[in-house]
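Enquirer: Pasted the sequence and its predicted model underneath.
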Amino acid sequence: MTVAIIGGTSGIGLACAHLWRERGKQVAIFGRSEERLNSALAGLGSGAMGSRVDASDPSKLDETLSRVQDLQVLVISVGAGAGAGTLDQLGFDGLKKGFEQKVLPVWNSVQCGRKHLAMSGAMVILGAARAHHAAGDGVGLAAVHGAIASMIPSLAKAMAPIRVNLVAPGVTDTPPWNGLGDEKKQAVFDHFAKQAPLERVGQPEEIAQAIVSIASNTFTTGQVLRVDGGLSL
């Protein structure tokens, strides 16, 4: 059994790879950065493979997935932060870019992945809780991730018996946030923590646990699982 993770070289995708390796599964990770790929593979050790690929290139992605043997699980973790910005900041071009960074790569990944997944397999797409939680500064995120979430029930019917589910995390402490600097990052995390019943942001390993769990459940499909500390309640 092999688990393939598109966007598996850092953050939640990489946390998934480590968790599956701990459970003795073969993993194949893919991402756009050669540097992150090499670092991730070094940390995963034997039993892991990977290559550099951009999910916006369907022909290359299809070729890459065709080389994965016994593909039982495909995790699609692309376009983190796509559509971010306030209503005043985003504009038409910004929203269009968000769809190009998230919706189209996910679509390509689904189309390529379904050809190579075992019929008894599972596909898990990474979304965002912002699609299910009203916030004035998250209109673009809601539009982009809402588009992904709305596809899940139809994809599950169209691709059966392959199982298709989406995990929608809340704010999670992943590498992209580090670009804010420590002080601003902590202020942002404190802001979101105050809005959630669990009063903190998530960790990549916690989201990975949910992804591995829903991928392993053989009687669950077409579902959106929110893992957000209660933020969307």
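Expert: Ah, there it is.

Enquirer: going forward, measure contacts and count neighbours with C-alpha atoms only.
Expert: OK.

Enquirer: Let's see the longest helix along the chain as CSV, backbone CA atoms only.
Expert: Criterion DSSP state H: the longest helix present in the chain is helix 139-159. Provided in CSV are the C-alpha atoms of helix 139-159 (Å, rounded to 0.1, in the frame of the first residue of the first chain):
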residue,chain,number,x,y,z
VAL,A,139,-14.5,36.5,1.9
GLY,A,140,-11.9,35.4,-0.7
LEU,A,141,-10.9,32.4,1.4
ALA,A,142,-14.5,31.5,1.8
ALA,A,143,-15.1,31.7,-2.0
VAL,A,144,-12.1,29.6,-2.9
HIS,A,145,-12.4,27.0,-0.3
GLY,A,146,-16.2,27.0,-0.5
ALA,A,147,-15.9,26.0,-4.2
ILE,A,148,-13.8,23.0,-3.2
ALA,A,149,-16.1,22.0,-0.3
SER,A,150,-19.2,22.1,-2.5
MET,A,151,-17.7,19.6,-4.9
ILE,A,152,-17.1,16.9,-2.3
PRO,A,153,-20.6,15.2,-2.3
SER,A,154,-20.8,15.1,-6.1
LEU,A,155,-17.2,13.8,-6.4
ALA,A,156,-18.0,11.1,-3.9
LYS,A,157,-21.0,9.9,-6.0
ALA,A,158,-19.1,10.3,-9.3
MET,A,159,-16.0,8.4,-8.1
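
Enquirer: mean confidence score for that helix?
Expert: Regarding helix 139-159, the rounded mean pLDDT is 94.

Enquirer: Which SSE is immediately downstream of it?
Expert: Downstream of helix 139-159, the first helix or strand assigned by DSSP states H and E is strand 163-169.

Enquirer: can you pull the buried residues of the helix-or-strand element of the chain with minimal mean pLDDT?
Expert: Within the chain, confidence by mean pLDDT, DSSP states H and E is lowest for helix 87-101 among all helices and strands, at a mean of 89. Using 16 or more other Cα atoms under 10 Å as the test for burial, helix 87-101 gives 90, 94-95, 98-101.

Enquirer: and that helix, how far out from the chain's middle?
Expert: Once both centres are worked out by Cα atoms, centre = their mean, to the nearest Å, helix 87-101 turns out to sit 20 Å from its chain's centre.

Enquirer: and the angle for that helix with helix 139-159?
Expert: Here helix 87-101 runs at an angle of 30 degrees relative to helix 139-159 (axes from the mean of the first three to the mean of the last three Cα atoms, to 10 degrees).

Enquirer: For helix 87-101, which outside residues touch it?
Expert: 56, 78-79, 82-84, 136-141, 144 (Cα atoms under 8 Å, 6 or more residues apart in numbering).

Enquirer: what about 6 Å?
Expert: The contact list for helix 87-101 (Cα atoms under 6 Å, 6 or more residues apart in numbering) reads 79, 82-83, 144.

Enquirer: Can you tell me which of those residues has the most neighbours?
Expert: residue 144 (28 neighbours; other Cα atoms under 10 Å).

Enquirer: ok, now how distant is that one from residue 24?
Expert: 35 Å (Cα to Cα, to the nearest Å).

Enquirer: related to what we said a few turns ago, dump the contacts of helix 87-101 into TSV; add secondary structure as well.
Expert: Putting the contacts of helix 87-101 into TSV (DSSP: H, G, I helix; E, B strand; the rest coil) gives the following:
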residue	secondary structure
79	coil
82	coil
83	coil
144	helix
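
Enquirer: Many thanks, I have nothing further to ask.
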